[in-house]
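Peer 1: mind folding the following:
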Amino acid sequence: MTLLQSVPVEGRVVLEDVSWEFYERMLAEIGDGHTRLTFDCGRLEIMSPSGMHERVKTILGRLIETYGDALDLAVEGGGSTTFKRKDLRKGLEPDECYWVANAPRMMGKTKINLKSDPPPDLVIEVDVSRPLVSRQPIYAAMGVPEVWTYARSRVTPMHLRRGTYHAADRSLAFPDLPMDVVNQMVRIAMSEGQSAATKAFRAWIKSSQRER
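Peer 2: Numbering: from 1, shown residues only. This next block holds a predicted model:
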């Protein structure tokens, strides 16, 4: 095992030639702590999220949950659940994740087996600093259909097509939710607070429903 490189901004460190057994021992040692692990075929990134990272992922999570509640949509959140598949030699924790189309199948589930359970319909990835181990190929291998990426102060939905992710204008999970509105609410949250953003978002949802 060798240390490849590190980035001090968010405490990112990469280890090379790591065994699956070592990865699982690290998961057991860390537990439900603040540190995130990304494993891909022997490469292990250890990352400690920044305050900015956690703030943005919380904002996006609140917006998704507000949207689901306001429209009475079944949305099952999985938070930063560890998803891993030994047969693929891949594992990671998303910033946030949600089942929407597959929400009825996941209600009440506390243990997830990706060989039999569906992957999340939507995953949130906040890139304050660039990952040293790319996470999109891991999500693609696990069959996650959509990833919202936050980078350069903007949220972009990425759709899985033929094994790779491609930027899109609309969300697969929430096709009636314009991403410009999501980005507007993120800006409000960053400048005026999360409560102000959720209040403004609820007002937009009511207005958009009246226009239909």
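Peer 1: not counting sequence-adjacent ones, nearest residue to the spatially most central residue of the chain?
Peer 2: Nearest to the mean C-alpha position of the chain, counting by C-alpha atoms, centre = their mean, stands Ile124 at 2.4 Å. By the measure of C-beta to C-beta, 6 or more residues apart in numbering, the closest residue to Ile124 outside its immediate chain neighbours is Glu96, 4.1 Å from it. C-beta here means a position set from N, CA and C on the backbone, and glycine is covered the same way.
Peer 1: any idea how many residues pack against that neighbour?
Peer 2: By other C-beta atoms under 10 Å, the residues close to Glu96 number 23.
Peer 1: and the one 3 residues further on, by the same measure?
Peer 2: Taking other C-beta under 10 Å as the criterion, the count of residues near Trp99 is 24.
Peer 1: try Lys115
Peer 2: Based on other C-beta under 10 Å, the number of other residues close to Lys115 is 7.
Peer 1: check which helix or strand covers Lys199.
Peer 2: Assigned by DSSP states H and E, Lys199 belongs to helix 194-210.
Peer 1: would you mark the buried spots in that helix?
Peer 2: Neighbour counts over helix 194-210 (16 or more other C-beta atoms under 10 Å) mark 194, 197-198, 200-201, 204-205 as buried.
Peer 1: can you check stretch 54-68 too?
Peer 2: Under 16+ other C-beta under 10 Å, the buried positions of stretch 54-68 are 55-57, 59-64, 66-68.
Peer 1: for Leu92, grab phi and psi.
Peer 2: phi -170, psi 170 (degrees, to the nearest 10).
Peer 1: number of nearby residues for it?
Peer 2: The number of residues near Leu92, taken as other C-beta under 10 Å, comes to 23.
Peer 1: run through the residues that contact it.
Peer 2: Applying C-beta atoms under 8 Å, 6 or more residues apart in numbering, one finds that Leu92 lies in contact with 36-39, 82-84, 135, 138-139.
Peer 1: pretty sure Val126 contacts Gly61?
Peer 2: No - between Val126 and Gly61 there is no contact under C-beta atoms under 8 Å: 10.5 Å.
Peer 1: what sits up against stretch 99-107?
Peer 2: Residues contacting stretch 99-107 (C-beta under 8 Å, 6+ apart): 68, 73-76, 78, 112, 117-118, 120-122, 173-174.
Peer 1: what do you get if the cut-off is 10 Å, keeping everything else the same?
Peer 2: Here stretch 99-107 makes contact (C-beta atoms under 10 Å, 6 or more residues apart in numbering) with 64, 68, 73-78, 98, 109, 112, 117-122, 145-146, 171-174.
Peer 1: with stretch 186-197 instead?
Peer 2: So stretch 186-197 is in contact with 52, 55-56, 58-60, 62-63, 66, 150, 153-155, 184-185, 198-201, going by C-beta under 10 Å, 6+ apart.
Peer 1: CA-only coordinates of it, as CSV, when you get a sec.
Peer 2: Output of stretch 186-197 as CSV, limited to C-alpha atoms (Å, rounded to 0.1, in the frame of the first residue of the first chain):
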residue,chain,number,x,y,z
VAL,A,186,-29.2,27.5,-3.5
ARG,A,187,-28.1,31.1,-4.0
ILE,A,188,-30.8,32.4,-1.7
ALA,A,189,-29.8,29.8,1.0
MET,A,190,-26.1,30.8,0.7
SER,A,191,-26.9,34.6,1.1
GLU,A,192,-30.1,34.7,3.2
GLY,A,193,-30.2,31.4,5.0
GLN,A,194,-31.7,27.9,4.5
SER,A,195,-35.1,28.9,6.0
ALA,A,196,-35.4,31.8,3.6
ALA,A,197,-34.7,29.4,0.7
